[in-house]
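# need a structure here:
(one chain, ligands or ions: 1)
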Amino acid sequence: MEDSIEKKQKRREFALASISELCPSSSSSSLPSPATASFSVDGSVPELQFHQESEKTKLQLSVDLQTAQLFKLGSVQSVCISDRSDVIIAETSFSKGVTVQFRTEEESEAFHCAFQQWKKEVNVQGRQLPNGTVSASKSKFDDKIESSSAKMYFHYYGQLLHQQNMMQDYVRTGTYYAAVIENRADFSGRVVVDVGAGSGILSLFAAQAGAKHVYAVEASEMAEYARKLIAGNPSLGQRITVIKGKVEDVELPEKADILISEPMGTLLVNERMLESYVIARDRFLTPKGKMFPSVGRIHMAPFSDEYLFVEIANKALFWQQQNYYGVDLTPLYGSAFQGYFTQPVVDAFDPRLLVAPAMCHVIDFTKTKEENLYEIDIPLRFIASMGARIHGLACWFDVLFNGSTVQRWLSTAPGAPTTHWYQLRCVLSQPIYVMAGQEITGRLHMLAHNAQSYTMYLTLSAKMWGPGAEQGGIIQTSSCKLDLKEPYYRMSQPQAYTLAQDQHSQPLINTQEIHIQHQKLEEPDILQQPSNSCTEIDSLLQNV
Ligand SMILES: C[S@@+](CC[C@H](N)C(=O)[O-])C[C@H]1O[C@@H](n2cnc3c(N)ncnc32)[C@H](O)[C@@H]1O
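Predicted structure coming up:
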């Protein structure tokens, strides 16, 4: 373990504004003098050391990175806690946590990045046990995900009402059903693992398609309900075993020929379940095994939506009041205004709001490494189809079931039948202006965090044109930072595609044209993919 860390980065030090104990002893509180934090390897244990010293007192805290967790309290303040730590404060007291004050937001981000990186290194190399043996990736999930987040997450999925909500998304469930039944050849007589089985519905589909045996792995209390549902369908159920536990931890008696899973969250990656899907691939799938789905794509395009922009900007108007029960609220107006723009908007929008053809980022589930999903960096380039005020970036995703009989896409694109994922829009607090034919460049940078989601950094730029501007000389750039975990669900607004949202009525399989195909296609039917397609997928499919 230490080899790998020491070779790459033996020691990394950060200057901090200050540190203080989480539960200060009587002899110490926040010390005004500057502090440092350094990552290093002590013997075989990677650790993080905080150090602060003034004339009278000294605070030194060593944190075991295997158990440490770092939480943001604000843009420049965080708290680091650990199960095991040693602290020396004037040589007397003991604490398990420290509050860290950074000098700037950038330094805070850099520190959080380094923290994840060093922790990842610990996890990748495995845990050093007291007897010197190394247990590989056991509890990888627990190591990278904050326990309170995991608890809420599995509590949510442990409730039938939320499983019902997904099952009632007939675009979703109907597409899975069609993809499995049409591709019987991939399931018949095969060993299947259902990764995150929930109610067990996909396991039952796989059994209907003739699977020899299905292992339904589910970490939440839903596993008990899955057992009940499967027992109530005995002709299928005798070929299904429900295993309660995380795919990162459970052991299976045999390797799988095919994995089936529905690991997609908002914008494909929210919930970070794709990482579990990839871990399941590495743990359970035979080298030539298949994955259903096998590929995901994030599609992106700039949009113009004056109503949405004004709606968000107006939310902060509350803070413009100068006499709110005798109190002037305006000092907080700027923060409130920016705050509303940190929430990605989730709703179904009219595709006519897009101002350029979409581009996409492909994630090949069959090949990508789990670590690749910790940081997703997408350079952006678009050509505007019309003159418009760009209010941000619209995003959606699709996934491919690359069956050996039929290839089917599950799409969440605007204009396609609406799913429970809807679409997602990142709104800029400062719109930018473009002319038709103009290039728009930028970057979407997503950093995974330990609450099972991502911090998103979006930048869009365009040259300034038109009367008054030095032609093409000035660049307009607008940036925003968003938390994918805290979206603004805008579903109370009038929707353009109401028909497809009626998920409480009869299955929409007919209206949404999920016709099940039975005959084998001669060639891969790439034309079945949604119209907003990526060219990269063609070469990718040739390799699958
Ligand atoms: C989006 S739901 C899909 C449920 C079901 N497969 C379906 O399609 O209706 C994802 C399920 O995966 C489970 N899950 C998420 N991460 C898991 C993990 N690491 N190990 C086992 N189950 C997990 C969740 O508890 C949840 O029930």
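
# Tell me how many other residues crowd the spatially closest residue to Gln423 that is not a sequence neighbour.
Using CB to CB, 6 or more residues apart in numbering and skipping residues adjacent in sequence, the residue nearest Gln423 is Trp396, 4.4 Å away. To be clear about C-beta, it is placed using only N, CA and C from the backbone, and glycine gets the same treatment. Each residue near Trp396 was counted by other CB atoms under 10 Å, and the total is 31.

# What are the buried residues along the helix or strand Trp396 falls within?
Assignment of secondary structure by DSSP states H and E places Trp396 within strand 388-402. Within strand 388-402, the residues that qualify as buried by neighbour count (16 or more other CB atoms under 10 Å) are 388, 390-402.

# so can I have a markdown table of those residues showing pLDDT and distance to Glu254?
Output for the buried residues of strand 388-402, formatted as a markdown table (pLDDT from 0 to 100; distance: CB to CB, whole Å):
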| residue | pLDDT | distance to Glu254 |
| --- | --- | --- |
| Ala388 | 97 | 56 |
| Ile390 | 98 | 53 |
| His391 | 98 | 52 |
| Gly392 | 98 | 48 |
| Leu393 | 98 | 44 |
| Ala394 | 98 | 44 |
| Cys395 | 98 | 39 |
| Trp396 | 98 | 37 |
| Phe397 | 98 | 32 |
| Asp398 | 98 | 32 |
| Val399 | 98 | 26 |
| Leu400 | 98 | 27 |
| Phe401 | 98 | 23 |
| Asn402 | 98 | 23 |
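
# which ones are touching the most centrally placed residue in the chain?
Residue closest to the mean C-alpha point of the chain, counted by CA atoms, centre = their mean, is Asn270 at 2.8 Å. Applying CB atoms under 8 Å, 6 or more residues apart in numbering, one finds that Asn270 lies in contact with Gln452, Ser453, Tyr454, Leu484, Lys485.

# Out of those residues, list just those in strands.
Ser453, Tyr454 (DSSP state E).

# Quick check: which helices or strands does whichever strand or helix holds Asp194 pack against?
Secondary-structure assignment from DSSP H and E places Asp194 in strand 191-195. The criterion is 3 or more CB pairs under 8 Å, 6 or more residues apart in numbering; DSSP states H and E, and the helices and strands that strand 191-195 contacts are helix 201-208, strand 213-218, strand 256-261, helix 273-284.

# how far is the first one from where the chain is centred?
For helix 201-208, the distance between its averaged C-alpha position and the chain's averaged C-alpha position is 26 Å (CA atoms, centre = their mean, to the nearest Å).

# Please apply the same query to the second one.
Using CA atoms, centre = their mean, the distance from the centre of strand 213-218 to the centre of the chain it belongs to is 24 Å.

# Is there any residue in that strand that contacts the ligand?
Yes. Counting by CB under 6 Å from any ligand atom, the ligand has neighbours in strand 213-218: Val217, Glu218.

# Equivalent analysis for the third one, please.
No. Using CB under 6 Å from any ligand atom, we find that strand 256-261 stays clear of the ligand, coming within 6.6 Å at best.

# In its sheet, which strands sit next to that strand, and in what direction?
The sheet places strand 256-261 alongside strand 191-195 (parallel), strand 285-292 (parallel), with pairing taken from DSSP bridges.

# Export those as JSON lines, with columns for mean pLDDT, distance to Tyr156 and mean neighbour count.
Shown next, in JSON lines, are the strands paired with strand 256-261 (pLDDT from 0 to 100; distance: least, CB to CB, whole Å; neighbours: other CB atoms under 10 Å):
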{"stretch": "strand 191-195", "mean pLDDT": "98", "distance to Tyr156": "18", "mean neighbour count": "28"}
{"stretch": "strand 285-292", "mean pLDDT": "98", "distance to Tyr156": "24", "mean neighbour count": "17"}
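
# Out of those strands, flag the one nearest the ligand.
strand 191-195 (6.3 Å; CB to the nearest ligand atom).

# how far off helix 273-284 does the closest one point, in degrees?
Angle of strand 191-195 versus helix 273-284, following axes from the mean of the first three to the mean of the last three CA atoms, to 10 degrees, is 150 degrees.

# and this protein, which of its residues are near the ligand?
141, 154, 157, 163, 166-167, 196-199, 201-202, 217-220, 222, 246-248, 262, 273, 276.

# go again using 5 Å as the cut-off
Applying the criterion CB under 5 Å from any ligand atom, the portion of the chain that neighbours the ligand consists of 157, 166, 196, 198, 201-202, 219-220, 246-247, 262, 273, 276.

# who wins for neighbours among those?
So for the residues of the chain next to the ligand (other CB under 10 Å), the most neighbours sit at Val247, 30 neighbours.

# So Thr441 versus Trp465, what's the distance?
Taking CB to CB, to the nearest Å as the measure, Thr441 and Trp465 are separated by 15 Å.

# ok, the two, which is more surrounded?
Remark: of Thr441 and Trp465, Trp465 carries more neighbours, 18 against 15, as counted by other CB under 10 Å.

# and the residue nearest to Gln423, what does it touch?
Shown here is Trp396, whose contacts under the criterion CB under 8 Å, 6+ apart are Leu267, Ile298, His299, Ser411, Thr412, Ala413, Pro414, Trp421, Gln423, Leu424, Asn532.
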